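Undergrad: return a 3D structure for these sequence lines:
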Amino acid sequence: MLHVNDGEDTPAIPLMKELLQYGSKHSNIVILEGIMRSNWYSSLFEFAKSLYGSEVYSFYFDIPFEETLKRHLTREKSREFGEESMRRWWVEKDFSGSLKETVITADKDIDTIVDIIYKEITIKCRCK
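TA: Numbering: from 1, shown residues only. The predicted structure is shown next:
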């Protein structure tokens, strides 16, 4: 959305924190989605926990690089960047360390993934 460089101290973090803050006051459910390296985004994760407490649901796609690349090649975005760029960005098993993440593996199809996320949120969420 911002088209800024990702990395340590990315200018996207303050905006994402503002969106989390706004969402906590005006929405029952807030979804923050993206590929966020744990060492760069740890302050954002901690901020989310401070706002939402136990109502943070985090999902980590633990999918091997080869499968990730295969899936990427089916997307329109595959024309924007390819394997070489993805290898530079890739961080294996980049769990947050601060969020309780539900791990989603390569053996899950899209319908199963949606079902997992939906059930976890609706069963545990105390949303109004």
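
Undergrad: hmm, F61 is touching T102, no?
TA: No - counting by Cβ atoms under 8 Å, F61 stays clear of T102, with 10.1 Å between them. Backbone N, C-alpha and C define where each C-beta goes, glycine included.

Undergrad: and I63, how many neighbours?
TA: I63 is flanked by 16 other residues according to other Cβ atoms under 10 Å.

Undergrad: give the contact list for L15.
TA: L2 (Cβ atoms under 8 Å, 6 or more residues apart in numbering).

Undergrad: measure it to N28 for me?
TA: L15 is 21 Å from N28, where distance means Cβ to Cβ, to the nearest Å.

Undergrad: same check on W40?
TA: 29 Å.

Undergrad: more neighbours: those two, which one.
TA: Neighbours per residue (other Cβ under 10 Å) separate W40 from N28, with W40 holding more: 15 against 9.

Undergrad: thought that one was touching A12?
TA: No - with contact defined as Cβ under 8 Å, W40 does not count as touching A12 (9.7 Å).

Undergrad: shared neighbours, those two?
TA: The overlap between the contact sets of W40 and A12 (Cβ under 8 Å, 6+ apart) consists of D6.

Undergrad: what about the helices in the chain?
TA: Along the chain, counting by DSSP state H, helices occupy 12-26, 38-52, 65-72, 83-89, 110-124.
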